[in-house]
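Give me a model of this one.
(one chain, ligands or ions: 1)
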Amino acid sequence: MQPLLIIGAGQAAATAIEALRREGYTGGLVLVGDEALLPYSRPPLSKKYLAGELAEERLLLKPRSFYDSHNVDLRLGCRATALDLAARSVSLDDGTVIGYDRLLLATGAAPRTVNVAGHELAGIHYLRSVADVGRLRAELQPGRRLVIVGGGYIGLEVAATCRALGLEVDVLEMAERVMNRVVAPEVSAFFSAEHARHGVRLATGRLLAGFEGDGAGRCRAVHTLDGGVFPADLVLVGIGAMPNAALAEAAGLAVENGIAVDGECRSSDPHVWAVGDCCSQTSLHYGRRVRLESVDNAFEQAKTAAASIVGRAVAHDRIPWFWSDQYDLKLMIVGLNFDYDLGVLRGDPASRSFSYCYLRGHQLLALDAVNQMKDYMAAKKVIQERLLLSLARLADPSIPLREAVG
Ligand SMILES: Cc1cc2nc3c(=O)[nH]c(=O)nc-3n(C[C@H](O)[C@H](O)[C@H](O)COP(=O)(O)OP(=O)(O)OC[C@H]3O[C@@H](n4cnc5c(N)ncnc54)[C@H](O)[C@@H]3O)c2cc1C
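Numbers count the residues shown, from 1 in each chain. The predicted model follows:
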């Protein structure tokens, strides 16, 4: 009997291994990952680990003994280069070919890169892996000028971390406001003000034109299309991530902003599942296909896929959530705010503890909570159960969110 093969050794893979064994899967399990490390947690890479406050071993999702006790054949430091659906085999870059009975793709995502003039200069960084942090951290010295391209989660988290480390920080964002793809203008404005208060220079509405180098081939400035020049000792580009779906696509699997999977996380081939950042799936609650990049999503999809693989199919029906830490602010986002027609602010942003509610009519679609755990917890249930809210009560932060129902 051929093993169950997992490609990609990250958050989703580690969860899937545990779930598969718990579900009673007793067959062979092979885990292939192109990084040398055991599966680890990425969120600290822009937060505590980047700040030097967390040791590398603390990032590991499971100790090595977990893989021994779960009987996993680990092939780390190996990249899967080709998938043959008909032969049910995967080729690795060390020349090995592994046959599988069932395959789980958990290949994650990779930073979106820029291709403008000077993009190959030294001192330009991306952030996805422990290795990326190693290169970046070696350059973080107090007083140096860091220019961050992209005012999304990663850019803003790194800005906060690097201000605390004493660097000068500019953030260049092409949209008119930070985190514009995910939060309402009121929430963007709050975070912009917080970053300004901490000395981050935010420049919005700036499109990247290119990087200027010195004679030694090192980036010394970032140019924007409107003629802006931002001197830099180092640069971080954080402009989003692309699903690692090339292996699947070349093999002929359906790809639609990531590997397209059904409600059980099964791909267009019945022997292949995909989970985490690399796949897209129709959200039952929101009725649209989405590709999510979050720990929660990787975790929940891995459990769904494990159940499906052992023949105990359950349709994936979860309300997604996500968090971001910037300074002492914990932003918790629950739900998806696509097509909201009304936004309600609960509380005063000046208090640094408030929520922003996204509604369609009287139904809550999503909520952003800033240092506001109670609203976040209540919102999960309100969204899941499609409870209807009184807008007047919702807008009054002295009334608990769950009592705004009706
Ligand atoms: C800096 C940073 C901060 C983040 N902060 C947060 C946060 O605060 N909250 C949150 O919810 N989420 C956060 N995320 C997102 C979260 O980490 C991801 O959503 C999660 O790691 C996805 O898990 P995954 O298993 O799908 O992919 P990954 O964890 O990326 O694992 C995929 C693995 O597969 C490997 N791989 C890819 N292709 C191949 C191949 N062909 N052969 C072998 N191996 C391959 C990759 O190298 C990688 O090791 C953050 C991500 C980053 C990068």
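
pLDDT score for whichever residue of the stretch 1-150 of the chain sits closest to the ligand?
Taking Cβ to the nearest ligand atom, the ligand has its nearest neighbour within the stretch 1-150 of the chain at residue 10, 1.9 Å off. Backbone N, C-alpha and C define where each C-beta goes, glycine included. Looking at residue 10, its pLDDT is 98.

With adjacent residues omitted, what lies nearest to residue 165?
residue 140 (5.5 Å; Cβ to Cβ, 6 or more residues apart in numbering).

check contacts around that neighbour.
50, 146, 162, 165, 167, 234 (Cβ atoms under 8 Å, 6 or more residues apart in numbering).

With respect to residue 326, which of those is nearest?
Checking these against residue 326 with Cβ to Cβ, the nearest one is residue 162 at 11.6 Å.

Off-centre distance for the helix or strand containing the closest one?
Using DSSP states H and E, residue 162 maps to helix 153-164. Relative to the centre of its chain, helix 153-164 is centred 15 Å away, using Cα atoms, centre = their mean, to the nearest Å.

Phi first, then psi, for the residue in the stretch 151-300 of the chain positioned nearest to the ligand.
The nearest approach of the stretch 151-300 of the chain to the ligand comes at residue 276, 2.2 Å away (Cβ to the nearest ligand atom). The phi and psi values for residue 276, taken as degrees, to the nearest 10, are phi 90, psi -150.

any residue of stretch 38-45 up close to the ligand?
Yes: judged by Cβ under 6 Å from any ligand atom, stretch 38-45 comes into contact with the ligand through 42-43, 45.

Let me know the average pLDDT across that stretch.
Rounded mean pLDDT across stretch 38-45 is 98.

Regarding that stretch, how distant is the last residue from the first?
End-to-end distance for stretch 38-45: 15 Å, by Cα to Cα, to the nearest Å.

cool, and stretch 339-356?
Span of stretch 339-356 from end to end, Cα to Cα: 15 Å.

can you list contacts of that stretch?
Counting by Cβ under 8 Å, 6+ apart, 183-184, 186-187, 189-190, 329, 357-361, 365-372, 375-376, 379, 391, 394-397, 401 sit against stretch 339-356.

returning to what we had before: which of the residues in the helix holding residue 162 are buried?
Judged by neighbour count using 16 or more other Cβ atoms under 10 Å, the buried positions of helix 153-164 are 153-163.

quick one, what contacts residue 148?
Contacts of residue 148 (Cβ under 8 Å, 6+ apart): 155, 158-159, 169-172, 235-238.

Apologies, that question was intended for residue 275.
With Cβ under 8 Å, 6+ apart, residue 275 has these contacts: 12, 16, 104-106, 261, 265, 298, 301-302, 304-305.

Closest to residue 335 out of those residues?
residue 301 (16.9 Å).

my read is that closest one is in a strand, agree?
No: assessed with DSSP: H, G, I helix; E, B strand; the rest coil, residue 301 is helix; it does not lie in a strand.
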